[in-house]
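A.B. asks: Next input, structure requested:
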Amino acid sequence: MANSIGLIEVKNISKGIRITDEMLKSADVKLIESGSVCPGKYVTVIGGSLSAIKAAVDRAAWIAQDALIDKFVIGNLGDKVYDAVSGTACTKPNGALGVIETFTAASAIMSADAAVKAGVVELIEVRIARGMGGKCFVTMTGEVADVRAAVEAGAKLAAADGVLINTEVIANPHPDLWASII
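C.D. replies: Numbers count the residues shown, from 1 in each chain. This next block holds a predicted model:
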């Protein structure tokens, strides 16, 4: 898989389904994830070459018009962000636990990307708005200083867009907490 990813998030499900179809027909991209998320939004994540992703996301944004919530294209996705988004990350507890909570799927993925580029951390998960009232979160582990730097970088990005809810860094989580997260 190419190391580029794109996302579009819209206010309604029917528009999201149409946009997903248009994205897949307009460019040579691979569907990573697509579906409805709380509260009645629709998110589509695609992968492929940077130029194809840009074309597909631009087409989707044009069709979405006022239904558009958020979008992005990342040309050089950070290590293991894809695994965390798709739920295939295999991470073991490694010191501290960091959490970034946001209002949009795009901001969660972009925060995860910024986090892995700012500190030596392992992503645990990027949870996208399913059953959480539209909220999203990123969890990560690593040495305390790295987790703090990573959380700060991801939070700064989300805060600039006004979609940051909260962050937490737990220096030494209880083993039972780790068991419930990983």
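A.B. asks: Downstream of the helix or strand where G47 lies, the next helix or strand is which one?
C.D. replies: Following DSSP states H and E, one finds G47 within strand 41-48. Beyond strand 41-48 in the direction of the C-terminus, DSSP H and E gives the next helix or strand as helix 50-64.
A.B. asks: could you say what helices and strands that next one packs with?
C.D. replies: strand 5-10, helix 13-26, strand 29-37, strand 41-48, strand 68-74 (3 or more Cβ pairs under 8 Å, 6 or more residues apart in numbering; DSSP states H and E). From N, CA and C alone the C-beta is placed, and that goes for glycine too.
A.B. asks: related to what we said a few turns ago, quickly run through the sheet partners of the strand holding G47, with directions.
C.D. replies: Within its sheet, and counting by DSSP bridges, strand 41-48 is paired with strand 5-10 (antiparallel), strand 29-37 (antiparallel).
A.B. asks: Could you dump the ones you listed into a markdown table and include mean neighbour count?
C.D. replies: A markdown table is the format used below for those (neighbours: other Cβ atoms under 10 Å):
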| stretch | mean neighbour count |
| --- | --- |
| strand 5-10 | 28 |
| strand 29-37 | 17 |
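A.B. asks: quick one: which of the ones you listed is nearest G162?
C.D. replies: Distance to G162, taken as Cβ to Cβ, is lowest for strand 5-10 among these, at 14.6 Å.
A.B. asks: On the pLDDT front, check the residue nearest to the spatial centre of the chain for me.
C.D. replies: Centrality entry for the chain: nearest residue to the mean C-alpha point is I109, 1.9 Å, by Cα atoms, centre = their mean. The predicted structure scores I109 at 89 on the pLDDT scale.
A.B. asks: you'd agree it is up against L123?
C.D. replies: No. Look at I109 against L123 with Cβ atoms under 8 Å: they stay out of range, at 10.5 Å.
A.B. asks: what's the weakest-modelled helix or strand in this structure?
C.D. replies: In the chain, the helix or strand scored least confidently by mean pLDDT, DSSP states H and E is helix 81-86, which has a mean of 75.
A.B. asks: Buried residues in it, which are they?
C.D. replies: For helix 81-86, the buried set under the neighbour-count rule, 16 or more other Cβ atoms under 10 Å, comprises V81, Y82, D83, A84, V85.
A.B. asks: likewise stretch 47-58?
C.D. replies: By neighbour count, with 16+ other Cβ under 10 Å as the criterion, the buried positions of stretch 47-58 are G47, G48, L50, A52, I53, K54, A55, A56, V57, D58.
A.B. asks: Looking at these, which is nearest R18?
C.D. replies: Using Cβ to Cβ, the shortest approach to R18 within the buried residues of stretch 47-58 belongs to A56, at 13.3 Å.
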